[in-house]
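Student: Have a look at this fold, sequence not included:
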């Protein structure tokens, strides 16, 4: 079980994560959605250890959750200059020498012996995902993993994520495209004002957008009024 209890993070007087409580079963794929400013980035950075919480605990499998549990695929990935794709992967292979980059690259078809700076945005995303796989962490946080990928690679990525969960990995995925999550996840949680407002399982996914946009009818009236004014 992945468990967060009373997690609180603030920037000065601004409370971002508000005594957040959240429990997720291991070995499943969990989606997280929230409007801009809900606290997603702060939550991710706290999980990764970039930000220190003022209060609360995070545990995984009844042990304190640390950076060693987590493989993090950020929305924007950083790469050192003047490294080839293969050299970039070698940085992450230190603790997992069994990782076969050529084997995985038969799927992604990256020019691993070219400099990463020559890669397209989508190629860089695939390289970053290979580096994540190389780390072999039990908990994977994927922040907007489908951005900049073509349709074929999106499908490949979904199949890989499902296979990883089948092998016991716990995966947390965010996306601004709801369909990406409903097709993939076992649960989807909604973050609002620094708290998890609800967590739905597959059988209730059809109601999620309605719950998030419960004021949609008022919004439509406002848009119509603005257009017609």
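Tutor: Received it, and whenever you're ready, just let me know what you need. Computed from a predicted model, the values in this text were never measured in an experiment.
Student: C-alpha from now on. contacts and neighbour counts both.
Tutor: OK.
Student: could you pull out the strands for this protein?
Tutor: Assigned by DSSP state E, the strands in the chain fall at 2-11, 14-24, 29-33, 55-60, 63-64, 70-73, 139-143, 170-174, 187-192, 195-201.
Student: Just checking: what are the partner strands of the fourth one?
Tutor: By that I understand strand 55-60. Strand pairing for strand 55-60, using DSSP bridges, gives strand 2-11 (antiparallel), strand 63-64 (antiparallel).
Student: got the buried residues for that strand?
Tutor: 57, 58, 60 (16 or more other C-alpha atoms under 10 Å).
Student: Once you drop chain neighbours, what's closest to residue 205?
Tutor: Counting by C-alpha to C-alpha, 6 or more residues apart in numbering, residue 182 is the residue found nearest to residue 205 once chain neighbours are left out, at 6.5 Å.
Student: check contacts around that neighbour.
Tutor: Going by C-alpha atoms under 8 Å, 6 or more residues apart in numbering, residue 182 touches 188, 202, 205.
Student: One more: residue 139?
Tutor: Residues counted as contacts of residue 139 (C-alpha under 8 Å, 6+ apart) are 69, 70, 71, 169, 170, 171, 172.
Student: So what sits opposite the residue positioned nearest the centre of the chain in the bridge?
Tutor: Against the mean C-alpha coordinate of the chain, by C-alpha atoms, centre = their mean, the closest residue is residue 142 at 2.5 Å. For residue 142, the beta-bridge partners are residue 73, residue 173 (DSSP bridges).
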